[in-house]
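[1] Sequence first, predicted coordinates after that:
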Amino acid sequence: MERNMERIRIIAFFKRNFDLRQDKADEIETVESIRSGIQFKGANLWVLIFATFIASLGLNTNSTAVIIGAMLISPLMGPIMGFGLGLGIADFEMIKRSFRNFITATIFSVITSTLYFLITPISEAQSELLARTQPTVYDVMIAFFGGLAGIVASSTKSKGNVIPGVAIATALMPPLCTAGFGLATGNLYYFFGAFYLFFINTVFISLATFLVVRLLKYSKKQFVDKQREKVVTRYVGMIVFCTIVPSLYLSYNLVRTSYFNEQVRTFVSHELNFPNTQILSRNAKFSDEISEIKVILIGQEVPQIMIDNARAKLDKFGLEGTQLTVQQGFGEKATDINELKSLLMKDLYKNSEAILRTQSEEIDSLKAELSGYKSSTLFTERLVPELKVLFPFITEASCSKTYVMNVSTNQMENVLLVYFQTNQELSDEEQLKMKDWLQARGSQLGDKINKVKLLIEKEKTKE
């Protein structure tokens, strides 16, 4: 009996905390809200074009902040979620409308980005752009869970700011701009890789929307003509099938590819890591027919027997049937100089962001230190007029903010170090008065001053 009661309490707890329907908004309101974001014409289309220009600029200048801004502006999520919603409620008209507007948005985005990259003076692919040319299984997971978050938030009363977050996470705009770069430069590898990433994001956001709509049991569209209802239901079923089956196949292939790439990375780091030799590049190609690993080494030449030994261990890393090609040196069999330059440039792009971040932190630190010196100078300048009135016997003054460490306790505290030159001897009472006054004025330096150190020197009389 007690076990049954405990089980009931646990079930009640999960229902109370995880039931999506308890905060569910009005269905008609949610459907209309998503429906209103499907259309691409007028202002909505212009916003899309401007967002494409911004994203292209961000990719071209390698600016993450600009790319994020473009993703926030872009209205691409509308027709994608509309497509999934239309499937979920069997609204064939919404499905067709979403699909038409999705194609319109895609075409205009690619054309806009292509035009931009045709006229821009910067023609090299930056690291932000290169990151959008090869989708992985993680992109599938981000798109799917992002789509779940988007439709769940849209269907609740407190929608919050989830949709902009989903737009940033799923990154719909950058792949389209990368596809435009591929067209502008004639690089079909970039075009198809980026478009593949965009297609994956689109499919899994729509799939997530469809699943949540069915989970929340949204009312399907009612038809007066039952024959028409049967036809629409059949079409919707076909579209759902054609969406889910390819998505599962894509996911399966991406998982296999990701696993293969991870095994290749482990194999290369363990078996091709030779002293006095550096791995310049590692490229892996996975396919059902034949898989290949191409490694380029620079430095001291590795004997062929050691490479053959590494090749014999491929099976231990789950790389059965994979061909290993190792190129080294600069002889006839080595890679040409153009490929070497390309590899070096890619490596440079990967490291440039970390280098810039480090430089930015150093600059900020130096600015803060310089600001401290400036604040001390300004503080001294502001004190001088008051010193003339309150302490006319002072002839020279200097103030600086510093730190004093207690040798016994190793504790550090802020100290305002003040130097005065006077034309007369000062009593203890006058020195205490000066300290109290300086303590009160020390807050103008910006930081809390724990104490004031006063150094007083009597002016030497001229003989």
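    It's in. Numbers count the residues shown, from 1 in each chain.

[2] Burial check on residue 385, number of neighbours?
    9 (other CB atoms under 10 Å). Yep, even glycine has a C-beta here, placed from its N, CA and C like the rest.

[3] Is it in a helix, a strand, or coil?
    helix (DSSP: H, G, I helix; E, B strand; the rest coil).

[4] for the stretch 251-400 of the chain, what spans make up the helices?
    With DSSP state H, counting those that start in this stretch as the criterion, the stretch 251-400 of the chain has helices at 304-312, 337-390.

[5] Which of these has the lowest mean pLDDT?
    Lowest mean pLDDT within the helices of the stretch 251-400 of the chain: helix 337-390, at a mean of 68.

[6] Which strands or helices does the one helix or strand residue 84 maps to pack on?
    Assigned by DSSP states H and E, residue 84 belongs to helix 77-89. Packing partners of helix 77-89 (3 or more CB pairs under 8 Å, 6 or more residues apart in numbering; DSSP states H and E): helix 27-36, helix 92-119, helix 137-154, helix 162-170, helix 188-215, helix 226-271.

[7] Show me what the closest residue to residue 325 other than its chain neighbours is bridged to.
    In space, and not counting its chain neighbours, residue 325 is closest to residue 294: 4.8 Å by CB to CB, 6 or more residues apart in numbering. When bridges are called by DSSP bridges, residue 294 pairs up with residue 283, residue 325.

[8] per-residue confidence for residue 294?
    86.

[9] do residue 119 as well
    Value listed for residue 119 in the pLDDT field: 87.

[10] before we move on, what about residue 106?
    90.

[11] What about it, how many residues nearby?
    With other CB under 10 Å as criterion, residue 106 counts 20.

[12] ok, it to residue 198 distance?
    8 Å (CB to CB, to the nearest Å).

[13] which residues do the two both contact?
    Shared contacts of residue 106 and residue 198, defined by CB atoms under 8 Å, 6 or more residues apart in numbering, comprise residue 176.

[14] that older thread, the helices and strands packed on helix 77-89: lowest mean pLDDT?
    helix 162-170 - the lowest mean pLDDT of those, at a mean of 70.

[15] name the helices or strands packed onto the next helix or strand after that helix?
    Helices and strands here follow DSSP H and E; after helix 162-170, the next one along the chain is helix 173-185. Contact analysis of helix 173-185 by 3+ CB pairs under 8 Å, 6+ apart lists helix 43-61, helix 64-73, helix 92-119, helix 127-130, helix 188-215 as its packing neighbours.

[16] From the contact counts, what lies against the third one?
    Spelled out, it's helix 92-119. helix 43-61, helix 77-89, helix 173-185, helix 226-271.

[17] where does the longest one sit relative to the chain's centre, distance-wise?
    Averaged C-alpha coordinates place helix 226-271 at 25 Å from its chain's average position (CA atoms, centre = their mean, to the nearest Å).

[18] now the angle from it to helix 77-89?
    Inter-element angle recorded for helix 226-271 and helix 77-89: 120 degrees (by axes from the mean of the first three to the mean of the last three CA atoms, to 10 degrees).

[19] Return the distance of residue 382 relative to residue 186.
    64 Å.

[20] So for the two, which sits in the more crowded spot?
    Each of residue 382 and residue 186 has its neighbours counted (other CB under 10 Å); residue 382 has more, 12 against 8.

[21] can the helices and strands packed on helix 77-89 go into JSON lines with extra columns for distance to residue 388?
    Formatted as JSON lines, these follow (distance: least, CB to CB, whole Å):
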{"stretch": "helix 27-36", "distance to residue 388": "69"}
{"stretch": "helix 92-119", "distance to residue 388": "63"}
{"stretch": "helix 137-154", "distance to residue 388": "65"}
{"stretch": "helix 162-170", "distance to residue 388": "58"}
{"stretch": "helix 188-215", "distance to residue 388": "70"}
{"stretch": "helix 226-271", "distance to residue 388": "71"}
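
[22] So which of these is nearest residue 436?
    When the helices and strands packed on helix 77-89 are compared by CB to CB, helix 162-170 sits nearest residue 436, at 53.3 Å.

[23] among the helices and strands packed on helix 77-89, which is nearest residue 69?
    helix 162-170 (9.6 Å).

[24] re earlier: now do the helix holding residue 84, average pLDDT.
    On average, helix 77-89 scores 85.

[25] how is this protein carved up into domains?
    Per the record, the chain has its domains at 20-221, 373-458, by automatic domain parsing.

[26] Quick check: the gap between the closest residue to residue 300 other than its chain neighbours and residue 168.
    Beyond its immediate neighbours in the sequence, the residue positioned closest to residue 300 (CB to CB, 6+ apart) is residue 276, lying 3.9 Å away. As judged by CB to CB, residue 276 and residue 168 stand 44 Å apart.

[27] Thank you, goodbye.
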